[in-house]
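>>> Sequence plus the predicted model coming up.
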Amino acid sequence: MTVGAPIVELIGITKTYQLGETKVEALKGISLSLKKGEFTAIVGASGSGKSTLLNMIGCIDEPTTGSIILDGVDVHSLDDNKKSDLRNRKIGFIFQSFNLIPVLDVFENVELPLLINPAISAAERTDRVHQAIKDVGLGDRIRNRPDQLSGGQRQRVAIARALAGNPALVMADEPTANLDSTTSFKIIDLMLDLNAKRHVTFLFSTHDEKLMSKVSRKVHIADGMLVGASKV
Ligand code: ADP
Ligand code: MG
């Protein structure tokens, strides 16, 4: 599909963690732009800075220096309330460990984040939840709880939950790390399909090079820096 305006722009991002007397330079000056409709993978070894980078983009944590522009808004200029509002409206998160609520069924898990948005009517909410669950291929498991689903199905629920909010960007930090390789490929294929058909903009991270064969844009990170062709 064609890609459009930038959704995220990172300009010279650094992040230094202070651990007692020790400083850990997790990101050492990263500039990167993600456009609407893109499907991007951040690839790097464990400890290279992938989660730190995704946490910056997701407004979960702040950079030490540098700017983040999210859908035209300089995140640094916002107070905490505005920042979490922006995060809730613009970004859908998918986690390595799925983060589903065990006592809720598939429908209720997908519905949960929409309940806090007063702009969405009950009827629209129900429509969106049904559509997202159908889009991830779980239409027949709607009343199952997470413990009645396989790992791959649980991750599909988490993808549906991220999609239901119609976010500008869906971010997934190592979404396949807890899945076997066949299931991992199926999850990547699902995300690629959603990107092609629903025009969902995806950013995901992995340490697994072999998952990357079908991904058009790979950004390699090592030791807190973008490397090789990723440096654009
Ligand atoms: P990845 O997700 O690629 O495995 P991370 O972003 O988690 O990498 O970590 C990058 C570096 O930052 C590592 O050296 C890690 O130990 C360090 N780090 C990550 N989070 C913290 C933290 N909260 N405090 C101190 N150091 C951290
Ligand atoms: Mg990580």
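Perfect, thanks for sending it. Ligands and ions are numbered 1, 2, ... in the order given.

>>> Which of the residues in the helix or strand H220 falls within are classified as buried?
Element membership for H220, per DSSP states H and E: strand 217-222. Neighbour counts over strand 217-222 (16 or more other CB atoms under 10 Å) mark R217, V219, H220, I221 as buried. For glycine as for every other residue, the C-beta is placed from the backbone atoms N, C-alpha and C.

>>> Specify which member of the residues you listed is nearest to ligand 1.
I221 (7.1 Å; CB to the nearest ligand atom).

>>> Contact partners for the nearest residue to L27 once chain neighbours are set aside?
Spatial nearest neighbour of L27, chain neighbours left out: K15 (4.1 Å); criterion: CB to CB, 6 or more residues apart in numbering. Residues near K15 by CB atoms under 8 Å, 6 or more residues apart in numbering: E25, A26, L27, G49, T52, M56, D61, P63, T64, G224.

>>> Surely K15 is within a strand?
Yes: under DSSP: H, G, I helix; E, B strand; the rest coil, K15 sits within a strand.

>>> P113: how many residues sit nearby?
By other CB atoms under 10 Å, 16 other residues sit near P113.

>>> any idea how far D61 is from the closest residue to it other than its chain neighbours?
Counting by CB to CB, 6+ apart, G165 is the residue found nearest to P113 once chain neighbours are left out, at 5.8 Å. From G165 across to D61, the span is 21 Å (CB to CB, to the nearest Å).

>>> now do Q131
32 Å.

>>> next one: S97
Counting by CB to CB, the gap from S97 to D61 is 19 Å.

>>> In terms of packing, which of those two has more residues around it?
Neighbours were tallied for S97 and for D61 using other CB under 10 Å; the higher tally belongs to D61 (15 against 12).

>>> mind listing what the more buried one touches?
Counting by CB under 8 Å, 6+ apart, D61 makes contact with K15, T52, N55.
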